[in-house]
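**Q** what's the 3D shape of this:
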Amino acid sequence: MQIGIVSDTHGQVEFTRDAIRMLESFEVDQVIHCGDIGAAAIIDLFSSWPTHYVVGNVDYDAETLSADCKTAGHTFHGLFGSLTLAGRKIAFLHGHEEARLAQTINCGAYDLVCHGHTHKVASYTVGQTHVLNPGALYRASRHTIAIVDLPALEVNIVPV
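**A** Model prediction:
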């Protein structure tokens, strides 16, 4: 199973369309968006997959985004999401609440913790937890997404 991880789209439809093409080329099964969605138009672009969203610090109208996710058949998790895919426990949040991010990483309950916010790629392990920031699709020197192969937890950072 392959999942796509994206973050920090900030309502930028063209950059997000580029990411969609990459996700299609990898034939991902699901997508996780780590926040700073920025606009309802972004949600519509992910119609090909079950997509899970959390809000970021610039997602001011969470109620509208939640309704848009529901209308599109996606899952809106608020500030924090978790799910199990291919036997792996995955947590995802935007990362602007630094204490919550650190607690999620260090609690040992998750195989994979995904976050955004910094607009910088990160992929490392703390104990038994792999931590992943896929980078950003806006205000980044290089636009990137991540593809994660499950259950192996193999991470591929993909330039868009």
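**Q** Going by residue numbers, what spans are strands in this structure?
**A** Listed in chain order, the strands of the chain (DSSP state E) span 2-6, 30-33, 51-53, 75-76, 80-85, 88-93, 112-114, 121-126, 129-134, 144-149, 154-159.
**Q** In a markdown table: the ones you listed, plus mean pLDDT and distance to residue 65.
**A** For glycine as for every other residue, the C-beta is placed from the backbone atoms N, C-alpha and C. Output for the strands of the chain, formatted as a markdown table (pLDDT from 0 to 100; distance: least, C-beta to C-beta, whole Å):
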| stretch | mean pLDDT | distance to residue 65 |
| --- | --- | --- |
| strand 2-6 | 98 | 15 |
| strand 30-33 | 98 | 10 |
| strand 51-53 | 98 | 7 |
| strand 75-76 | 96 | 7 |
| strand 80-85 | 98 | 13 |
| strand 88-93 | 99 | 15 |
| strand 112-114 | 99 | 18 |
| strand 121-126 | 97 | 25 |
| strand 129-134 | 98 | 19 |
| strand 144-149 | 98 | 20 |
| strand 154-159 | 97 | 25 |
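**Q** just how off-centre is the helix of greatest length in the chain within its chain?
**A** Across the chain, the longest stretch assigned as helix under DSSP state H is helix 13-25. Helix 13-25 sits 14 Å away from the centroid of its parent chain (C-alpha atoms, centre = their mean, to the nearest Å).
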